[in-house]
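1. coordinates only, no sequence provided:
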């Protein structure tokens, strides 16, 4: 594993996605790996650490997450802009070479079922918390975070440090079509 | 109503929150108005337009949304940084003057039950789509968007235009404590 990747305490894991980045979702079952982009993922609870993600019925990643009971939410960087868009545009159903064609390389962390995408800034390993009604009705999945890691060059001491990490590390925030924004400048308020 | 506020087509309403901004949630019941900040709100569907929001059991806004069946999700601007933090830190339960003390002023749009916070860049009027199990278990609410509006100085022709609207219009993305980021530079990918 890349020496920059360090564990994040589970009760601080929400901070990895609290600013609303577009994420990559990866999963694996019976030797088939996949990853997709998702703009619709959100923190749900601090402790136990939980999050939501919308996984459309047509995606292969959903099938792999449902069958294995595991998925990873990871935060791609501005350097992965094209990769993120390609993982969101191609489907493994139609294109068996999707991962290679999109330039995605996967790695595994010992003890985690699902594969992770190399080069991201943060990873949240999740166990599907089964809620059949909302999965079927809204494509909405709840993940319990069982492990979290971040690249210590951009997330340190429990806080993002986008302002010092360089433009390539900024998180991506998708709008529509091919349009994203990068995260911008830090703003700090006075205590209330 | 401010002449800059224009309606947004419901099937494009997801774009108002697709980039993961921290939002304000407002609601009203029996003459009591309130508004709070929420980092945990997310698009759920395009058409019908739906979104999710986490409303803690201790918040007055949740009580008002549950009793009235309506709430508004709105996107505060960088100019409202302190306001947003104050609306997220104070509770109407403890502080009856919360709105005035935080500097929040509300307005109404004809046909909408819930009040809206002045000075935001976008507003999504929602009807609670009752899902008692996830409301009770996860504090998770589903809203069906019944009306959407945006400030035409920063959202035009179905797209955000943060890059030309001036720093005060940028959306806020909360991390923790008093730390936020503003949305940053646009990034556009090549077609896949």
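-> Okay, I see it. Predicted model only: the values in this text are computed from it and were never measured. Residues are numbered from 1 along each chain as shown, chains lettered A, B, ... in the order given.
2. per-residue confidence averaged over stretch A:161-172?
-> Mean pLDDT, stretch A:161-172: 97.
3. now find how far off-centre that stretch is within its chain.
-> Stretch A:161-172 has its C-alpha centroid displaced from the chain centroid by 16 Å (Cα atoms, centre = their mean, to the nearest Å).
4. next one: stretch A:31-42
-> The chain centroid and the centroid of stretch A:31-42 are separated by 7 Å, computed with Cα atoms, centre = their mean.
5. which intervals of chain A have sub-threshold pLDDT?
-> Applying pLDDT under 70 to chain A flags residues A:192.
6. surely residue A:143 is within a helix?
-> No: read with DSSP: H, G, I helix; E, B strand; the rest coil, residue A:143 is strand and lies in no helix.
7. just give the closest residue to the residue of chain A found nearest chain B, not the sequence neighbours.
-> Relative to chain B, the nearest point of chain A is residue A:20 (1.5 Å; Cβ to the nearest Cβ). Quick note: C-beta positions are derived from backbone N, CA and C, even for glycine. In space, and not counting its chain neighbours, residue A:20 is closest to residue B:20: 1.5 Å by Cβ to Cβ, 6 or more residues apart in numbering or on different chains.
8. so which helix or strand takes in the one you found?
-> Applying DSSP states H and E as the criterion places residue B:20 outside every helix and strand.
9. so what would you say the end-to-end distance of stretch A:108-118 is?
-> With Cα to Cα, to the nearest Å as the measure, the first residue of stretch A:108-118 is 9 Å from its last.
10. buried residues in that stretch?
-> With burial defined by 16 or more other Cβ atoms under 10 Å in any protein chain shown, the residues of stretch A:108-118 counted as buried are A:109, A:112, A:113, A:114, A:115, A:116, A:117.
11. tell me the bridge partners for the last one.
-> What that stands for is residue A:117. Beta-bridge partners for residue A:117, by DSSP bridges, are residue A:106.
12. list the contacts for it?
-> Residue A:117 makes contacts with A:24, A:26, A:35, A:72, A:74, A:76, A:104, A:105, A:106, as judged by Cβ atoms under 8 Å, 6 or more residues apart in numbering or on different chains.
13. cutoff 7 Å now
-> Applying Cβ atoms under 7 Å, 6 or more residues apart in numbering or on different chains, one finds that residue A:117 lies in contact with A:24, A:26, A:35, A:74, A:104, A:106.
14. give me the subset of the residues you listed that lies in strands.
-> Using DSSP state E, the subset of the contacts of residue A:117 located in strands is A:24, A:26, A:35, A:74, A:106.
15. by neighbours, which of those wins?
-> Counting neighbours by other Cβ atoms under 10 Å in any protein chain shown, the top entry in these is residue A:35, with 30 neighbours.
16. excluding chain neighbours, what is closest to that one?
-> Nearest non-adjacent residue to residue A:35, counting by Cβ to Cβ, 6+ apart: residue A:26, 4.0 Å away.
17. which residues sit in contact with residue A:55?
-> By Cβ under 7 Å, 6+ apart, residue A:55 lies in contact with A:25, A:61, A:62, A:65, A:139, A:141.
18. now the third one: which helix or strand?
-> So the one you mean is residue A:62. helix A:60-68.
19. any idea how far that helix is from the middle of the chain?
-> Centroid separation for helix A:60-68 versus its chain: 15 Å, with Cα atoms, centre = their mean.
20. which strands or helices does that helix pack on?
-> Using 3 or more Cβ pairs under 7 Å, 6 or more residues apart in numbering or on different chains; DSSP states H and E as the contact test, the elements touching helix A:60-68 are strand A:23-29, strand A:32-38.
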